[in-house]
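Undergrad: Got a predicted structure plus its sequence, pasted below:
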Amino acid sequence: MQIQPGPLLAQIQTPEDLKKFGKDQLVQICDELRQFIIDQVSVYGGHFGAGLGVVELTVALHYVLNTPDDQLIWDVGHQAYGHKILTGRRDRFHTNRVYNGLSGFPKRKESPYDSFGVGHSSTSISAALGMAMASKYKNELNRQHVAVIGDGALTGGMAFEAMNHAGVSDSNLIIILNDNCMSIDPNVGALKDYLTDITTSRTYNRVKDEVWNLLGKVSKFGFSAQDVVSKVEGAVKSALLNQSNLFESLNLRYFGPVDGHDVNHLVEILNDLKHIQGPKILHCVTVKGKGYGPAEKDQTKWHAPGKFDKITGVIAKKVHQTPQPPKYQDVFGHTLVELAKMDDKVVGVTPAMPSGSSMNIMMDAFPDRSFDVGIAEQHAVTFSAGLATQGLKPFCNIYSTFMQRAYDQVIHDVCLQELPVIFCLDRAGFAGADGPTHHGAYDLAFFRCVPNLVVSSPMNEQELRNLMYSATQFNGPYSIRYPRGQGVMTDWKTPLEEIPVGKGRCVQEGEDVAILTIGHIGNYVTQATEMLTKDGIVPAHYDMRFVKPLDESLLHEVFGKFKKIITVEDGCLMGGFGSAVLEWMADHEYHSQVVRLGIPDRVVEHGEQEQLHAECGFDAKGIAATVRKMLASVAIPY
């Protein structure tokens, strides 16, 4: 089904086409662009609220800027649907987030208009500043460099580091703060309160317009006069706010707050800002989900609703005739509450992902024992370490891909001090349609080399519950990784049992070949075995549970019996679970044939998890094919 754009939008393939229209037509273009996004996402799914909230800003930016020569960065990429539609990808937008289709985020390889890849948050100011300083070095003084950053992304420490640097740089940088009080869940912290103070100060909002007009009137007298007015402006802003302006104190000229849904006013402001030298910030107040009632009312639910009926607002759900297994994240959330009831030292920590990780279940049950620290993974880890020093048992839940940001803190602040922080890594392995910026491909490899850290992964929901319980009984750093999506058990609320650290299990006895797996991906072996049984092949299956420490007694059993062994993991092959098994084999002088299945040493793009597993050869069919190939090969001579 091809969605048809409105009459004006149909004429726009690039920003140059947009510029052919008069300012009096921009409101209609915004309406058509918003409707096109609604039509597309309702039919094909995807992120929703963030893109609707920046429609006017998107149109204004491409109307004023000379993109792609002017550099425009969206932070995060959830906002960029309108940007993609206006930059040559409208007719392919139905392939957004589909296997072999458009990425759901800005991507440099996809378009010259995508100045920087942004799958996670808080990177735009650093990147734009780097671009601005490079342009200055190359004497390209007329280029604009614009970072559009959400107020949620602004809570990330990197954003503050970049603003601190920008304030002392002679750069042609514009920071646009898209302030809607939301990331995926409502924003938290002092910065949110500070921005609210600015946007709700009636006196400030009245006088700042007079200051703005004064600036425009005196600008014709030259730099010195404008500089004087700039100082007056700063003093007035500070006085009106009854405190120092955060951005002005960092030497960033602050403008706003302005209505982020008034496209013509935004065009005027952006045209003015282009001619003001130095780093500056424009504070735009927007509504996430703007223009679609249900999305405005429930912004978390409509962040990425999937397919829905645009008329009724009913989100499509798969109808199942039989009970379905729960999502791993929900098993985590409910089990955490269960553990918290058993042990008053159990607490929960999340960096701005309470609903995505199901930490919100803990927050509802124990609000005084749950902490949302904002988009600040590094802080989340060290904050958890601080809790642990005082005898608490923090469960720090961070998506695998985002844990990469906090690697230094895991090593220095947790593992070197042997503190009992329990890391629960959601979205481990392939993350699906979110693509390579969200794939949790590397945690097994980068965690297993860290001293004092237990590295584990459950094959099903019962194992997840037991590992969580076992972690509370272990006095040291402990990590548990699990994938996005459903498990395999409908009857998953089983009694909690302690699993000894480093203890694997034999799932199925077999002959000729042994398959060693880690985590949920091991469930494919059951399906592969059904395929192989028809050929008279019955492989043995071992669920190792732990990458560190490995179950050495179980490995001695396996390598003592089998000469052909396959390892399977939903993680990178370089340095991962299979590598650990090979290292153990070499250290103990075994000489079996080992084939490793997992994520290859390349960037794997977006698609459904099953599609990506098949592409990389470790779905059920891939495992069965590997077994057949191994058994057909010549035996290893000794």
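TA: Perfect, I can see it now.
Undergrad: Please identify the buried residues of the host helix or strand of residue 247?
TA: Taking DSSP states H and E as the criterion, residue 247 maps to helix 246-249. Neighbour counts over helix 246-249 (16 or more other C-beta atoms under 10 Å) mark 246, 247, 248 as buried. In this view, the C-beta of every residue, glycine as well, is placed from N, C-alpha and C.
Undergrad: Report the next helix or strand after that helix in sequence order.
TA: Downstream of helix 246-249, the first helix or strand assigned by DSSP H and E is strand 253-259.
Undergrad: Give me the three-state assignment for the residue nearest to residue 575 when sequence neighbours are not counted.
TA: Sequence neighbours aside, residue 445 is the residue nearest to residue 575 in space, at 3.6 Å (criterion: C-beta to C-beta, 6 or more residues apart in numbering). Look at residue 445: counting by DSSP: H, G, I helix; E, B strand; the rest coil, its state is helix.
Undergrad: what's residue 445 in contact with, if anything?
TA: Residue 445 sits next to 571, 572, 574, 575, 576, 579 when contact means C-beta atoms under 8 Å, 6 or more residues apart in numbering.
Undergrad: In which helix or strand does the first one reside?
TA: Read that as residue 571. strand 564-572.
Undergrad: Could you give the separation of that strand from the chain centroid?
TA: Mean-position distance between strand 564-572 and its chain equals 26 Å (C-alpha atoms, centre = their mean, to the nearest Å).
Undergrad: and it, what does it pack onto?
TA: In terms of contacts (3 or more C-beta pairs under 8 Å, 6 or more residues apart in numbering; DSSP states H and E), strand 564-572 is packed against helix 443-448, strand 514-517, helix 577-587, strand 593-599, helix 620-632.
Undergrad: Run me through the strand neighbours of it, direction for each.
TA: Partners of strand 564-572 in the sheet, by DSSP bridges, are strand 514-517 (parallel), strand 593-599 (parallel).
Undergrad: picking that back up, for ChimeraX, write the select line for the buried members of the contacts of residue 445.
TA: To isolate the buried members of the contacts of residue 445 in ChimeraX, using 16+ other C-beta under 10 Å:
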select :571,572,575,576,579
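Undergrad: Mind pulling the model confidence for residue 116?
TA: If you check residue 116, the pLDDT there is 95.
Undergrad: who's in contact with it?
TA: By C-beta under 8 Å, 6+ apart, the contact list for residue 116 reads 71, 73, 106, 108, 123, 124, 127, 128, 131.
Undergrad: Name the residue closest to the centre of the chain, please.
TA: Compute the mean C-alpha point of the chain, and by C-alpha atoms, centre = their mean the closest residue is residue 120, 4.7 Å away.
Undergrad: Setting aside sequence neighbours, what's the nearest residue to residue 621?
TA: In space, residue 621 is closest to residue 614, 6.9 Å off (C-beta to C-beta, 6+ apart).
Undergrad: Assign that neighbour to helix, strand or coil.
TA: Under three-state DSSP, residue 614 falls in the helix class.
Undergrad: separation between it and residue 524?
TA: Between residue 614 and residue 524 the computed distance is 10 Å (C-beta to C-beta, to the nearest Å).
Undergrad: Over to residue 44?
TA: 28 Å.
Undergrad: Tell me which of those two has more neighbours.
TA: More neighbours surround residue 524 than the other of residue 44 and residue 524, with 23 against 18 (other C-beta atoms under 10 Å).
Undergrad: List the buried residues for the helix or strand where that one lies?
TA: Element membership of residue 524, judged by DSSP H and E, is helix 523-533. Neighbour counts using 16+ other C-beta under 10 Å place 523, 524, 525, 528, 529, 531, 532 of helix 523-533 among the buried residues.
Undergrad: now swap in stretch 304-315 and tell me
TA: 304, 305, 308, 313.
Undergrad: Columns secondary structure on top of those residues, output as TSV?
TA: Shown next, in TSV, are the buried residues of stretch 304-315 (three-state DSSP):
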residue	secondary structure
304	coil
305	coil
308	strand
313	coil
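Undergrad: which element is residue 488 on?
TA: Short version, using DSSP H and E: residue 488 is in no helix or strand.
Undergrad: how much space between it and residue 524?
TA: Counting by C-beta to C-beta, the gap from residue 488 to residue 524 is 11 Å.
Undergrad: now do residue 279
TA: Per C-beta to C-beta, residue 279 is found 52 Å from residue 524.
Undergrad: What of residue 104?
TA: 26 Å.
Undergrad: number of nearby residues for the nearest residue to residue 253 once chain neighbours are set aside?
TA: Of all residues beyond its chain neighbours, the one nearest residue 253 is residue 280 (4.1 Å), with distances taken as C-beta to C-beta, 6+ apart. Using other C-beta under 10 Å, residue 280 is surrounded by 19 other residues.
Undergrad: Run through the bridge partners of residue 280.
TA: residue 174, residue 253.
Undergrad: ok, it touching residue 256?
TA: No: using C-beta atoms under 8 Å, residue 280 is not in contact with residue 256, being 10.3 Å away.
Undergrad: Find the nearest non-adjacent residue to residue 101, please.
TA: Per C-beta to C-beta, 6+ apart, closest to residue 101 is residue 95, 2.7 Å.
Undergrad: Please apply the same query to residue 535.
TA: Ranked by C-beta to C-beta, 6+ apart and with sequence neighbours excluded, the top spatial neighbour of residue 535 is residue 628, at 7.2 Å.
Undergrad: again, but for residue 77
TA: residue 105 is the one closest to residue 77 (C-beta to C-beta, 6+ apart), at 3.2 Å.
Undergrad: And this structure, split by domain according to the record?
TA: The record's domain parsing of the chain by automatic domain parsing lists 9-180+250-297, 328-481, 505-632.
Undergrad: Endpoint to endpoint, the second one covers what distance?
TA: As for domain 328-481, its first-to-last residue distance stands at 10 Å under the measure C-alpha to C-alpha, to the nearest Å.
Undergrad: SS state for residue 88?
TA: Here residue 88 is helix, with the state taken from three-state DSSP.
Undergrad: mind listing what it touches?
TA: Neighbouring residues of residue 88 by C-beta under 8 Å, 6+ apart: 13, 14, 111, 113.
Undergrad: what does residue 316 give?
TA: Listed by C-beta under 8 Å, 6+ apart, the contact set of residue 316 reads 306, 307, 308, 309.
Undergrad: one more time with 10 Å
TA: With contacts defined as C-beta atoms under 10 Å, 6 or more residues apart in numbering, residue 316 is in contact with 42, 45, 305, 306, 307, 308, 309.
Undergrad: of the residues you listed, closest to residue 158?
TA: Among these, residue 305 lies closest to residue 158 (C-beta to C-beta), at 29.0 Å.
Undergrad: The residue lying closest to the closest one once chain neighbours are set aside pairs with what?
TA: Excluding the flanking residues, the one nearest residue 305 by C-beta to C-beta, 6+ apart is residue 315, at 4.9 Å. Residues in a beta bridge with residue 315, per DSSP bridges, are residue 308.
Undergrad: Look up how far residue 37 lies from residue 315.
TA: Going from residue 315 to residue 37 by C-beta to C-beta gives 16 Å.
Undergrad: Check residue 628 too.
TA: 47 Å.
Undergrad: Give me the more crowded residue out of the two.
TA: residue 37 (24 against 15).
Undergrad: average model confidence for the helix or strand containing that one?
TA: Here residue 37 sits within helix 26-44, counting by DSSP H and E. Mean pLDDT, computed over helix 26-44, is 96.
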